[in-house]
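S.K.: Need a 3D model of the sequence below.
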Amino acid sequence: MVSELLKRAQGGEADAQNQLGIHYSESQGLTQNYQEAKYWFKKAADQGHAGAQVNLGTLYSLGQGAPFSDPMALFWFQKAAEQRNALAFAKLGMMYERGRGVPQNLVEAHMWYSLSAAYGEKRAAESRSTLAKHMTVEQIAEADARAKKWTPLRR
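M.R.: Reported below is the predicted structural model:
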């Protein structure tokens, strides 16, 4: 199975490249190797694969196989968010909630979590609820309004 995946990845298939990166990062049938995971995620991410963009951003946010870099994590999460990727929305919510690479902004974090939940990421609804306990009614209303108005920058 992995050999077939490797052939497809080497042939330039973005989904196979992303899957191979997952195999390396999560040691699924291969020895865990974050540098290899980054290599394959980057190949797929450069082709516009949203899942690979999130995965690559995650490696940067954790400093696994890539230098720890919140700006690079944000860059890749934003590229995936442009494609309405639910996990990318959640990752952006976390970055704004914690002030990682951006000024901490609970309204912005709540907005991203709302978008993530709307696109099917169940954990984002929990994160949003926890976050809302630290926000005013006005802040929550502003976040909800921003989420309703949000559109990708490109496309």
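S.K.: how about stretch 88-102: buried residues?
M.R.: 88-97, 101 (16 or more other CB atoms under 10 Å). To be clear about C-beta, it is placed using only N, CA and C from the backbone, and glycine gets the same treatment.
S.K.: Tell me which of these fall in strands.
M.R.: Assignment to strands by DSSP state E places none of the buried residues of stretch 88-102 there.
S.K.: can you put these in JSON lines and add distance to Ile140 and pLDDT?
M.R.: Below are those laid out as JSON lines (distance: CB to CB, whole Å; pLDDT from 0 to 100):
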{"residue": "Ala88", "distance to Ile140": "22", "pLDDT": "98"}
{"residue": "Phe89", "distance to Ile140": "17", "pLDDT": "98"}
{"residue": "Ala90", "distance to Ile140": "18", "pLDDT": "98"}
{"residue": "Lys91", "distance to Ile140": "21", "pLDDT": "98"}
{"residue": "Leu92", "distance to Ile140": "18", "pLDDT": "98"}
{"residue": "Gly93", "distance to Ile140": "14", "pLDDT": "98"}
{"residue": "Met94", "distance to Ile140": "18", "pLDDT": "98"}
{"residue": "Met95", "distance to Ile140": "19", "pLDDT": "98"}
{"residue": "Tyr96", "distance to Ile140": "14", "pLDDT": "98"}
{"residue": "Glu97", "distance to Ile140": "14", "pLDDT": "98"}
{"residue": "Gly101", "distance to Ile140": "24", "pLDDT": "95"}
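S.K.: quick one: low-confidence parts of the chain?
M.R.: Low-confidence segments of the chain, defined by pLDDT under 70: 154-155.
S.K.: if we can go back for a sec, so which of the buried residues of stretch 88-102 is the closest to Leu59?
M.R.: Lys91 (11.8 Å; CB to CB).
S.K.: Next, work out how far apart that closest one and Gly99 are.
M.R.: According to CB to CB, to the nearest Å, Lys91 stands 14 Å off from Gly99.
S.K.: Next, count neighbours for Tyr60.
M.R.: 23 (other CB atoms under 10 Å).
S.K.: Ignore what I typed, I meant Leu87.
M.R.: Leu87 has 23 neighbours, counted by other CB under 10 Å.
S.K.: ok now do it, which residues does it touch?
M.R.: Listed by CB atoms under 8 Å, 6 or more residues apart in numbering, the contact partners of Leu87 are 51, 54, 80, 116, 121.
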